[in-house]
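Q: Need a 3D model of the sequence below.
(chains A, B and C)
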Amino acid sequence: MPELPEVETFRRRIDAGALNRTVAEIRPGNDITHVELPDAAARARFEGHQFTQTRRHGKYIFVGSASGPWLNLHMGMSGSVRVYDTEDGDPDYARLVVIFEGDRRMAFRDPRKFGWVRVIDDPDAEIARLELGPDALEIDASQFADRIEGRGAVKSALIDQAKVAGIGNLWADETLYQTGIHPDTRAGDLSGKQRGDLHRTFGRILKAVCDVDAHYAELPDPWLIHRRKTGHECGRCGGTIESRKVGGRTSFYCPDHQERAT
DNA sequence: TTCCGTGTTGATAT
DNA sequence: TATATCAACACGGA
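A: Coordinates of the predicted model:
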């Protein structure tokens, strides 16, 4: 369920188990119709070489090889990365399998097939081409304040990857809940203090979720993530959680402590 | 069985 | 032109 923290967790798995091993082969996995994957020539560029570094920008992972090219992974709605030993067998929904010399493998899994894998030569050029804003864990307060503007809802602005890269539906809701801002508030109407609150809060939230490797059960009890259902009790006040569509996305919020837009 | 969805894109509307 | 909305993508799970 990949937003920035899940993607960061996948990146760390690659760092921990897939770097500095020679690639024997990269193979397409199971049931790959409708999945965008590198062709044979692109895959062959990695054979005999090692991956030496990873980067993450927003929800995108880059895995760089000593020979120059990078794998660029996007998880879509249901993608994940697994590093495992050959004897354990390829996981279900493995769409691309990297086979290292020895007994190690790395798979890109994607049950719903919204993700993809590409081979690129320059991550910075790719980030520009994808029109991604600064990464959510790197953007500073003044940059953020400048980028959150417009007539649309703050909820929509937070999940706009061109403004800030990495915040998705769940953590946008969590950020608004923890700052007491209603999701319908117009982005351009936010005060300087509110912009600062939002920046500080999503930074803290995303870091905390990364720190528990995106295991939601380990997050603090009052958080909205544990009560994303209409009628549940708010964890911060006596309110009752409600939901509504904002910018086409379901948004959960507490009408009691998240002030209605004026 | 029917509905929903953690993401992104492209067409359409304002 | 800029901005906003919404269906579509494919599939598993509630």
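
Q: quick one, what contacts the closest residue to residue A:229 other than its chain neighbours?
A: Leaving aside its chain neighbours, residue A:229 sits nearest to residue A:241 (6.6 Å; criterion: C-beta to C-beta, 6 or more residues apart in numbering). Heads up, the C-betas are built off the backbone N, CA and C, glycines and all. Neighbouring residues of residue A:241 by C-beta atoms under 8 Å, 6 or more residues apart in numbering: A:224, A:227-234, A:252-254.

Q: Can you check the pLDDT for residue A:241?
A: On pLDDT, residue A:241 comes in at 94.

Q: Look up how far residue A:206 lies from it.
A: Distance of residue A:241 to residue A:206, given as C-beta to C-beta, to the nearest Å: 22 Å.

Q: One more: residue A:191?
A: For residue A:191, the distance to residue A:206 equals 23 Å [C-beta to C-beta].

Q: So which of those two has more stuff around it?
A: Taking other C-beta atoms under 10 Å, residue A:191 and residue A:206 do not tie; residue A:206 has more neighbours (22 against 8).

Q: What helix or strand is that one located in?
A: Applying DSSP states H and E as the criterion places residue A:206 in helix A:192-211.

Q: Tell me how far that helix lies from the chain's centre.
A: 15 Å (C-alpha atoms, centre = their mean, to the nearest Å).

Q: Could you report the neighbour count for the closest residue to DNA strand C within the stretch 151-262 of chain A?
A: In the stretch 151-262 of chain A, no residue comes nearer to DNA strand C than residue A:152, which is 2.9 Å away by C-beta to the nearest atom of the strand. Using other C-beta under 10 Å, residue A:152 has 15 neighbouring residues.

Q: ok, it - contacts?
A: Contact analysis of residue A:152 by C-beta under 8 Å, 6+ apart lists A:186-187, A:247.

Q: List phi and psi for it.
A: Dihedral pair for residue A:152: phi -70, psi 170, per degrees, to the nearest 10.

Q: Let me know the secondary structure of residue A:107.
A: strand (DSSP: H, G, I helix; E, B strand; the rest coil).

Q: pLDDT score assigned to the nearest residue to it once chain neighbours are set aside?
A: Spatial nearest neighbour of residue A:107, chain neighbours left out: residue A:94 (4.1 Å); criterion: C-beta to C-beta, 6+ apart. Residue A:94 is assigned 95 on the pLDDT scale.

Q: Now residue A:94, what are its backbone angles?
A: Torsion angles, degrees, to the nearest 10, at residue A:94: phi -70, psi 120.

Q: Which positions are bridged to it in the beta structure?
A: Note on residue A:94: beta-bridge partners by DSSP bridges are residue A:109.

Q: ok, now which ones touch it?
A: By C-beta under 8 Å, 6+ apart, the residues touching residue A:94 are A:29-30, A:82, A:107-109.
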